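Trainee: below is the structure, and that's it, no one-letter string:
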């Protein structure tokens with residue numbers, strides 16, 4: 001069973017940047033679509049970004065497009081989320097996710113997730 005561990009969250013001022021990392025152990029992610037989701041207090045868990053197993057295809061929610069960048073390093077079994085121009089609406093717990101099936105096109109919905117990380121808190125102050 002793969003374990004996903006997020007890191008890099010924290011408190012940042014509006015306009016700032018953070019880089020989240022998701023390190024996998026106990027299983028490979030190299031042939032899986034990977035993604036990031038986020039959940040704010042009292043709200044549902046929402047899709048943020050996804051990347052296909054080759055790293056050649058990405059998808060973003062409209063709310064983060066142009067500000068966030070997802071990438072991966074398969075040699076390190078790690079996925080990243082670079083977040084720029086952060087605003088208070090980005091405050092949430094961010095979760096790393098692995099598709100339940102290998103391959104895939106780089107599209108990932110919550111229903112398709114087979115493994116979740118424990119989450120990392122991102123707080124953006126105004």
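Mentor: Perfect, thanks for sending it. Everything numeric in this text was worked out from a predicted model, so none of it was measured. Numbers count the residues shown, from 1 in each chain.

Trainee: what mean pLDDT does the longest strand seen in the chain have?
Mentor: For the chain, the longest strand by residue count, based on DSSP state E, is strand 92-102. The average pLDDT within strand 92-102 is 95.

Trainee: and that strand, what does it pack against?
Mentor: Counting contacts by 3 or more C-beta pairs under 8 Å, 6 or more residues apart in numbering; DSSP states H and E, strand 92-102 is packed against strand 3-7, strand 18-25, strand 32-39, strand 113-116, strand 120-125. All C-beta spots, glycine's among them, are computed from the backbone N, C-alpha and C.

Trainee: swap in 7 Å and give it another go.
Mentor: strand 3-7, strand 32-39, strand 113-116, strand 120-125 (3 or more C-beta pairs under 7 Å, 6 or more residues apart in numbering; DSSP states H and E).

Trainee: how far does the third one sit from its chain's centre?
Mentor: Its chain's average C-alpha position is 12 Å from that of strand 113-116, according to C-alpha atoms, centre = their mean, to the nearest Å.

Trainee: buried ones in the longest strand of the chain?
Mentor: Buried residues in strand 92-102, counted by 16 or more other C-beta atoms under 10 Å: 92, 93, 94, 95, 96, 97, 98, 99.

Trainee: from these, which is closest to residue 22?
Mentor: residue 96 (3.4 Å; C-beta to C-beta).

Trainee: what lies in contact with the longest strand of the chain?
Mentor: 2, 4, 6, 9, 20, 22, 29, 31-40, 45, 79, 108, 112-117, 119-122 (C-beta atoms under 7 Å, 6 or more residues apart in numbering).

Trainee: how near is the nearest residue to residue 6 once chain neighbours are set aside to residue 47?
Mentor: Excluding its sequence neighbours, the residue lying closest to residue 6 (C-beta to C-beta, 6 or more residues apart in numbering) is residue 120, at 4.0 Å. Residue 120 sits 17 Å away from residue 47, going by C-beta to C-beta, to the nearest Å.
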